[in-house]
Structures are given as C-alpha cells and as structure tokens.
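Fold the following, please.
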Amino acid sequence: MITVSEYDAFGPWIYEVNEEHPLPPLFVPYYKSGDNSRMVIKIPRNLERRNARPDMDLYDYVIGLYEDSIYILKRVDQHVEESRVYYSKIEGIEDHRRLLKGTLTIFLDRNKLVIPYNTVSSNIIVKLIGIIREKFTQKSFEINSEFDPGEDFGVEVLYRNMLKDIKPIIPDIRVCAVQRSIPLKLARGNFAERIGHFLSRPILLNSLHLTNNKELIVFTRGRAIIKKGKANYDYSTIYIPIEKLGIIIPESDEKYGGLEAINLKLSAQEFRFYFEQTNRRSIDFYRNLNNRRHRDKR
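Purely as a prediction, here's the structure:
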C-alpha cells in the first residue's frame, strides 16, 4: 500500500492511523501504547488547506481506543501532552454539531475531555462513540415506557431522521420521553423583563429522550430555549449510562409558567431538560426512573 504524504492528504478529514495514513511525525516519539488498539485516529488542525505547508505540524490529536482506556496525545505548540481516560470513569458523552463544526465532549467523574472535529468525518466519530459505549456501561435496568413506537411525537423532521439513523446501531432503542416546541409564558418579572420577553418571544425547543435499558440517549437542539425567529443550526446527541446517574431532581421552573425542569446530575456535570407540566408521561418517566434507582441502591 502506498503511503500518502501528510501534506498531500491533509484536509478537514479525520483519518484512522494505518499504513496509508501513519502517525504524524510530531507524535511518533511520544506514542507509547502498544499495537493492540481497537482504533487509532488523528484529528487535523482547524486550518484551511491553502494555508497548510509541508513543514507544519498539521494534526492536533492522536487518539487510541484500547480495551480498558482511551489514550490521548494532544499537540500544544511544538510539544505533545499525554493523558489516558479509563472507560470506568466516563459518565456521559455529548456529540454536538453546528454545520461543519463538531464537538465531542466526554464527561468524566471530575472533569471533561473536549475534542473538536469537522463534521465531514462524522462517520469516524460515530464509530469512536460506539466503542466507548460498549465499554462505559454494563448494567441493565427494567424500564417501562408509555410511548407507542408508531405514534406521532410532535418533533421536527431532524429528530425523526436521527432516530432512523440510530436504530441500526442501537436496535433496542425506544422513546421514553418527549417534549414538543412551544412558546413560553413568563411566570413573573418586572416591567423591563416583561418587555424583553414580549420582544424576544422565547420558544422552548423540542427534545426526544430514548433508552435501551442501559443508557439515556437524548436528542436536543444544543440549547433549551431560543428567541422566536432566530436561526438555530445546532443539534446534539447525549449518551448517559443509567448506572452513572447521580441525582434526578424534578422541580417547577420559576421563570416560565407551566414548565417543569428535570435535572440529571453527574459527578461534575448537570443536564437540564424542560417539559410542559401537562406532559405527565415524560415527567413521570423520570420520576419513576429516580424511584427505581433509589430502590435498587438499597
């Protein structure tokens, strides 16, 4: 197999390291793990092809996935920082995308690992996430859902397409909670706040919550609330092992009327999702999940 020079192959693409696409020269002296990896990738710098030169270090990361851990080399100027993340310490993953800009965040028990990438290589990121998901949770729970797979969930086409794409990867996935997009009503506020609310006319964006009895998998638009009429190109997929959930706290929202917030707390991260108070099936799902987890811990 012919090896392509790093400069000739450079672009926004993430490559799997192999004979055709070897380790970047900067990383070779630092790479200390063996050759028993599940996958090794190199992530390019956010640099336009026309600005690249043959004498430049063109890659920011080399990431290797092994049986028990992720081995990470990060370029810092002309040096390399080395770290290792064990799957047992991973409490969640978020794959956030906005047009060509992607951000993979791996939430750990004390901090997080943030990996930027170009979405032209989303297939490589999906493969990487799949390997992590195989390793970061094993425990399964009996979880009931009141949602019929064939019903209209009232979510946008984007989520329906995302669900269609994820089903071949996670065949036993099913809907456990859902929230449609709705205009928000201010519960309380002074005159200036009410004027601001009237002008911005905020909307609660829809979300779709899924489970395979091991994880919560949530589709969001990258944020919960947006001004009416403002373009939003963001969307995220969040993966949380149920066994790693710390606390689930339901509470009424103080700012907007008719909303209930569900806070999913990990060791060093919190996710907050909103539901209409009349959306009892979704709210009760999280209440029941919280009660079940407390019973299982006794």
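
Can you show me the helices along the stretch 101-250 of the chain?
For the stretch 101-250 of the chain, the helices defined by DSSP state H, counting those that start in this stretch occupy 122-136, 157-166, 191-200.

Any buried residues in stretch 144-163, and which?
147, 153, 155-156, 159, 162-163 (16 or more other Cβ atoms under 10 Å). In short, each C-beta sits where N, CA and C put it, glycine included.

Show me which of those is closest to Leu199.
Ranked by distance to Leu199 (Cβ to Cβ), the buried residues of stretch 144-163 are led by Glu156 at 24.8 Å.

Give the closest residue to the closest one in space, chain neighbours not counted.
Asn206 (6.1 Å; Cβ to Cβ, 6 or more residues apart in numbering).

who touches the one you found in this structure?
154-156, 159, 178-181, 221 (Cβ atoms under 8 Å, 6 or more residues apart in numbering).

Repeat the analysis, applying 7 Å as the threshold.
By Cβ atoms under 7 Å, 6 or more residues apart in numbering, the residues touching Asn206 are 155-156, 159, 179-181.

of all these, which comes closest to Ile125?
Looking across the contacts of Asn206 and measuring by Cβ to Cβ, the closest to Ile125 is Tyr159, at 18.9 Å.

quick one: pLDDT of that closest one?
Here, the pLDDT recorded for Tyr159 equals 96.

And it, how close does it get to Tyr61?
30 Å (Cβ to Cβ, to the nearest Å).

re the thing from before, backbone dihedrals for the residue nearest to Glu156, please?
Main-chain dihedrals, Asn206, degrees, to the nearest 10: phi -70, psi 160.

wait, Ile283 sits on Glu260?
Yes: between Ile283 and Glu260 there is a contact at 5.6 Å, judged by Cβ atoms under 7 Å.

Between the two, which contacts overlap?
With Cβ under 7 Å, 6+ apart, Ile283 and Glu260 have common neighbours 250, 275.

which ones are touching the nearest residue to Pro116 once chain neighbours are set aside?
Nearest non-adjacent residue to Pro116, counting by Cβ to Cβ, 6+ apart: Thr103, 5.6 Å away. Going by Cβ under 7 Å, 6+ apart, Thr103 touches 96, 114, 116.

so which of the residues you listed comes closest to Leu210?
Closest approach between the contacts of Thr103 and Leu210, by Cβ to Cβ: His96, at 17.1 Å.

separation between that closest one and Ile63?
17 Å.

more neighbours, the two?
Taking other Cβ atoms under 10 Å, His96 and Ile63 do not tie; Ile63 has more neighbours (22 against 17).

List the beta-bridge partners for the residue nearest the centre of the chain.
Nearest to the mean C-alpha position of the chain, by Cα atoms, centre = their mean, lies Glu94 at 1.4 Å. Under DSSP bridges, the beta-bridge partners of Glu94 are Thr105, Ile238.

from memory it sits against Ile106, does it?
No: contact criterion Cβ under 7 Å: Glu94 and Ile106 do not qualify, at 8.4 Å.

joint contacts of the two?
With Cβ under 7 Å, 6+ apart as the test, Glu94 and Ile106 reach no residue in common.

Could you report the neighbour count for the residue lying closest to Lys74 once chain neighbours are set aside?
The shortest distance from Lys74 to any non-neighbouring residue, by Cβ to Cβ, 6+ apart, is to Glu81 (4.7 Å). Glu81 is flanked by 10 other residues according to other Cβ under 10 Å.

Retrieve the pLDDT associated with Glu81.
Model confidence at Glu81 (pLDDT) stands at 94.

In which helix or strand does it reside?
strand 79-86 (DSSP states H and E).

where in the stretch 151-298 of the chain is pLDDT low?
292-298 (pLDDT under 70).

residue at max distance from the center of the chain?
Distance from the C-alpha centroid of the chain, by Cα atoms, centre = their mean, peaks at Phe191 (38.0 Å).

How about the contacts made by that one?
Contacts of Phe191 by Cβ under 7 Å, 6+ apart: none found.

and it, how far is that from His197?
From Phe191 across to His197, the span is 11 Å (Cβ to Cβ).

Phe107 now?
For Phe107 relative to His197 (Cβ to Cβ), the value is 32 Å.

Which residue of those two possesses the greater neighbour count?
Phe107 (24 against 16).
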